[in-house]
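**Student:** Sequence plus the predicted model coming up.
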Amino acid sequence: MRLKMCSIHVKDPAAAHAFYTETLGFETLMAMPEYNLFIIKDPGADNNSSPGLLLEPSDNPIASNYMNALHESGLAAITFGVPDVQAEYERLLAAGVKFQGEPSEDPSGVSAVFDDGCGNFVQLHQD
């Protein structure tokens, strides 16, 4: 058994797709704008072995309430691993991404949290 796909609810899947691919550097696994369907994958990952991340519309009231409650609480909806949080923080900050604060270290490691502009906070965690 392996992870095939997971999802994150977003306000606008097309805008989220642009942000996640153009700014963050993920690659498109599937894009069907006519169906508001966008799935991304890790950069350089094989299409058959990499789990997809579905940028799911938050048009369901339950999903919307959950997404909004997480955001209002300042909690990250998803965590992405990076080799160097400080370097990624600086790259994304230069690209205009809004962070909750500078990278910090705790017993779990180094991390930083940013707003994806699509309804979610995202945590970067150092691999």
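**Tutor:** Ah, there it is.

**Student:** Next one: Val97 from Ser58, what distance?
**Tutor:** Counting by C-beta to C-beta, to the nearest Å, the gap from Val97 to Ser58 is 20 Å. Just so you know, the C-beta spots here come from the backbone N, C-alpha and C atoms, and that holds for glycine as well.

**Student:** More neighbours: which of these two?
**Tutor:** Ser58 (22 against 18; other C-beta atoms under 10 Å).

**Student:** Skipping adjacent residues, who's closest to the more buried one in space?
**Tutor:** His9 (4.1 Å; C-beta to C-beta, 6 or more residues apart in numbering).

**Student:** Help me confirm that that neighbour is found in a strand?
**Tutor:** Yes - His9 sits within a strand when classified using DSSP: H, G, I helix; E, B strand; the rest coil.

**Student:** Can you report how many residues neighbour it?
**Tutor:** 24.

**Student:** beta partners for it?
**Tutor:** For His9, the beta-bridge partners under DSSP bridges are Glu56.

**Student:** Now for it: which residues touch it?
**Tutor:** By C-beta atoms under 8 Å, 6 or more residues apart in numbering, His9 lies in contact with 56-58, 63-64, 66-67, 77, 119-120.

**Student:** How much space separates it from Gly25?
**Tutor:** Computed as C-beta to C-beta, the His9 to Gly25 distance reads 21 Å.

**Student:** can you check Val113 too?
**Tutor:** To Gly25, Val113 is 18 Å away according to C-beta to C-beta.

**Student:** Ok, Ile40 next?
**Tutor:** Counting by C-beta to C-beta, the gap from Ile40 to Gly25 is 10 Å.
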